[in-house]
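[1] Got a predicted structure plus its sequence, pasted below:
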Amino acid sequence: MTNQLIHTDTIAAVATASGTGAIAVIRLSGPEAITITNSVFKGKDLTQQASHTIHFGTLRDGDKIVDEVLVSLFVAPHSYTKENVVEISCHGSDFIVQQIMQLLLKKGARLANAGEFTKRAFLNGQFDLAQAEAVADLIASDSALSHEVAMKQMRGGFSQEIKRLRAELVHFASMIELELDFGEEDVEFADRDQLRILILNIQQIIRELLKSFELGNVIKNGVPTVIVGKPNAGKSTLLNKLLNEEKAIVSDVPGTTRDFIEDEINIGGVTFRFIDTAGLRETTDKVEAIGVERTMQKLSQSSLIIYLFDITDTTPEALRSELEVLNPKKLPFLPVANKIDRASPEKLAAFAGIEGMVQISAAEGANLEDLKQALVDKVNLGKLNTQQQTIVTNLRHVDSLNKTYEALDDVLNGLGLGMSGDLVAADIRRALYSLGQITGEITTDDLLDNIFTKFCIGK
């Protein structure tokens, strides 16, 4: 990476979402951002104004006034991209936005590619690659926890951890490389015992980071939660109550749900992706049978299972048997007794020994808050401290950490076998390469394109 401004062209894009709104923001970045804007702006001379100032005026195409706007100036290097940046706040009419964009392009700007503002910020040394990816996570965050984790990563929490590990490895790599320069003198500058201890410590940290991905993936993408049970157990009614809308068809006729229905809800800062499935039963109906088969597929892909049953026509023994059959992978399982409004006190008492069971009435909305709390408890985020704990949320980072771990294994094996310094150094360099890919100290054009094309245009 470099702190020198490396682009000679100026890019422009609409930074706000498409559709009519009160205000839209158009962003420019590049050496001519201020000059181009000034050429169509009627008001103060923008080229003579200080950074971080806002100016009112009109944008004009010749003598024609396109709109009254506010122009915000960010003079290099004191901007998001470290280039000259201009943000034009105009009225939110699609027609006005298009007119302004055409005007800026005519004056010499070009359309920005997806993620190009953030890519320029990375290339100009504003932040590293892991922090740049956290920008996209922050934009996509839809819960308190996903926002908190993305914010910490954007501010460099994860990057600092990786850079610290890499710095320690670099020291030993340089010592071993120095030994190679004195190969004929048989000297050791790198203490092998200390190197072995360091690698074991780094591997322990990597294992903890990899373990955190299971939690990070839940925070970032939500918890796939399948609602299963026999026909007419009340699955669709429960889904509608949780979502507070009539998402699923509710009917007394068994087998109404033929396919799965999916939607999201945020509970206690965690996003749950609820999936209502076809009722589990043997059937001769071909369409319903396909639905049951898809239910079983969804079970294998889920992270949490709600088994909903009608308490009025189920026994504790039958329930235990059904749970054992349905959950061979021992996934987090929440048995939920429905229709308690129709059950006798004796029937309710009979299920008191079922561990972790929640009793509800989906139709009446009874005890739904208890169910929501039980769901949050099952995800096991209670002890999470996002301010101190480093959490991995990116699959690319997981891949690099795995490759680093494997390379360090090879270093340990080489030390155990007494391999020569050049072979040990090669394995250390491989570990350094994989760690460097996380923060962007090692990059390729293909890697950068793959990352930044997933961003929205204007960011």
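    Thanks, I have it. All figures in this text were calculated on a predicted structure; none of them were measured in a lab.
[2] contacting residues around the residue nearest to Thr53 when sequence neighbours are not counted?
    What sits nearest to Thr53 in space, not counting adjacent residues and going by CB to CB, 6 or more residues apart in numbering, is Leu73, at 5.4 Å. The C-beta positions use only the backbone N, C-alpha and C, and glycine is treated the same way. Applying CB atoms under 8 Å, 6 or more residues apart in numbering, we find Leu73 in contact with 34, 46, 49-55, 85-86.
[3] May I see the PyMOL selection of the buried members of the residues you listed?
    With 16 or more other CB atoms under 10 Å as the criterion, this PyMOL line picks the buried residues out of the contacts of Leu73:
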select buried, resi 34+46+49+55+85+86
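[4] what's the closest of the contacts of Leu73 to Ala12?
    Checking the contacts of Leu73 against Ala12 by CB to CB gives Val86 as the nearest, at 8.8 Å.
[5] my guess is Ala76 meets Arg120, correct?
    No - contact criterion CB atoms under 8 Å: Ala76 and Arg120 do not qualify, at 11.0 Å.
[6] Who has more neighbours out of the two?
    Arg120 (24 against 18; other CB atoms under 10 Å).
[7] what secondary structure does Val226 sit in?
    Here Val226 is recorded as strand under DSSP: H, G, I helix; E, B strand; the rest coil.
[8] For Gly21, which residues are in contact?
    Gly92.
[9] Identify the bridge partners of it.
    On the basis of DSSP bridges, Gly21 is bridged to Gly92.
[10] Please report the distance of it from Gly353.
    Going from Gly21 to Gly353 by CB to CB, to the nearest Å gives 56 Å.
[11] what pairs with the residue nearest to Thr53 across the strands?
    On the basis of DSSP bridges, Leu73 is bridged to Thr53, Val86.
[12] so how far is Asp409 from it?
    Distance, Leu73 to Asp409, by CB to CB: 53 Å.
[13] for Leu242, same thing?
    Taken as CB to CB, the span from Leu242 to Asp409 is 45 Å.
[14] More neighbours: which of these two?
    Using other CB under 10 Å as the criterion, Leu242 and Asp409 rank with Leu242 on top: 23 against 14.
[15] Please identify which of the contacts of Leu73 is nearest to Glu317.
    Val85 (68.4 Å).
[16] Spit out the contact partners of the closest one.
    27-29, 33, 73-74, 76, 79.
[17] Is the residue nearest to Lys107 when sequence neighbours are not counted inside a helix or a strand, and which specific one?
    Setting aside the residues directly before and after it, Lys107 is nearest to Ile36 in space (CB to CB, 6+ apart), at 4.7 Å. Following DSSP states H and E, the helix or strand that holds Ile36 is helix 33-38.
[18] Report the next helix or strand after that helix in sequence order.
    Counting by DSSP H and E, what follows helix 33-38 is strand 41-42.
[19] Find residues that contact each of Ala76 and Arg120.
    82-83.
[20] ok, so what distance separates Glu369 from Lys454?
    Distance from Glu369 to Lys454, by CB to CB: 37 Å.
[21] And for Arg273?
    In terms of CB to CB, Arg273 sits 20 Å off from Lys454.
[22] Reduced to three states, what does Val325 come out as?
    helix.
[23] Could I get the average pLDDT for stretch 49-56?
    Mean per-residue pLDDT for stretch 49-56: 98.
[24] Repeat that for stretch 136-149.
    82.
[25] cool, stretch 156-174 as well?
    84.
[26] Check stretch 355-368 too.
    Taken as a whole, stretch 355-368 has a mean pLDDT of 89.
[27] Likewise for stretch 228-242?
    Stretch 228-242 comes out at a mean pLDDT of 83.
[28] Ok, stretch 268-285 next?
    63.
[29] quick one: the closest residue to Gly216 other than its chain neighbours and Phe213, what's the gap?
    In this structure, Gly216 finds its nearest non-sequential neighbour in Thr393, 3.7 Å apart by CB to CB, 6+ apart. Applying CB to CB, the value for Thr393 to Phe213 is 7 Å.
[30] the more surrounded of the two?
    Between Thr393 and Phe213, counted using other CB under 10 Å, the more crowded position is Thr393 (23 against 18).
[31] which residues touch the residue nearest to Gly216?
    137, 149-150, 153, 213, 216-217, 219-220.
[32] For stretch 152-160, measure first residue to last.
    Taking CA to CA, to the nearest Å, the first and last residues of stretch 152-160 lie 11 Å apart.
[33] buried sites along that stretch?
    152-154, 156-159.
[34] Next step: those residues restricted to helices.
    Within the buried residues of stretch 152-160, residues falling in helices by DSSP state H are 152-154, 157-159.
[35] low-scoring stretches of the stretch 251-400 of the chain, by residue?
    251-262, 276-302, 326-330, 380-389 (pLDDT under 70).
[36] And the strands in it?
    Assigned strands in the stretch 251-400 of the chain, in chain order: 261-267, 270-276, 304-310, 333-338, 358-359 (criterion: DSSP state E, counting those that start in this stretch).
[37] element containing the spatially most central residue of the chain, please.
    The centre of the chain sits closest to Lys220, judged by CA atoms, centre = their mean, with a distance of 3.9 Å. Using DSSP H and E, Lys220 maps to helix 192-221.
[38] What is the distance between stretch 110-130 and the centre of its chain?
    The chain centroid and the centroid of stretch 110-130 are separated by 19 Å, computed with CA atoms, centre = their mean, to the nearest Å.
[39] okay, how far is it across it, tip to tip?
    Where stretch 110-130 begins and where it ends lie 27 Å apart, using CA to CA.
[40] circling back to that earlier point, same list, the ones in helices among the buried residues of stretch 152-160, but as TSV with distance to Ser143 please.
    Listed next are these as TSV, based on distance: CB to CB, whole Å:
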residue	distance to Ser143
Lys152	14
Gln153	15
Met154	16
Gly157	18
Phe158	19
Ser159	23
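[41] Specify which member of these is nearest to Gly92.
    For these, the nearest to Gly92 is Met154 (27.4 Å; CB to CB).
[42] check contacts around that closest one.
    127, 131, 134-135, 137-138.
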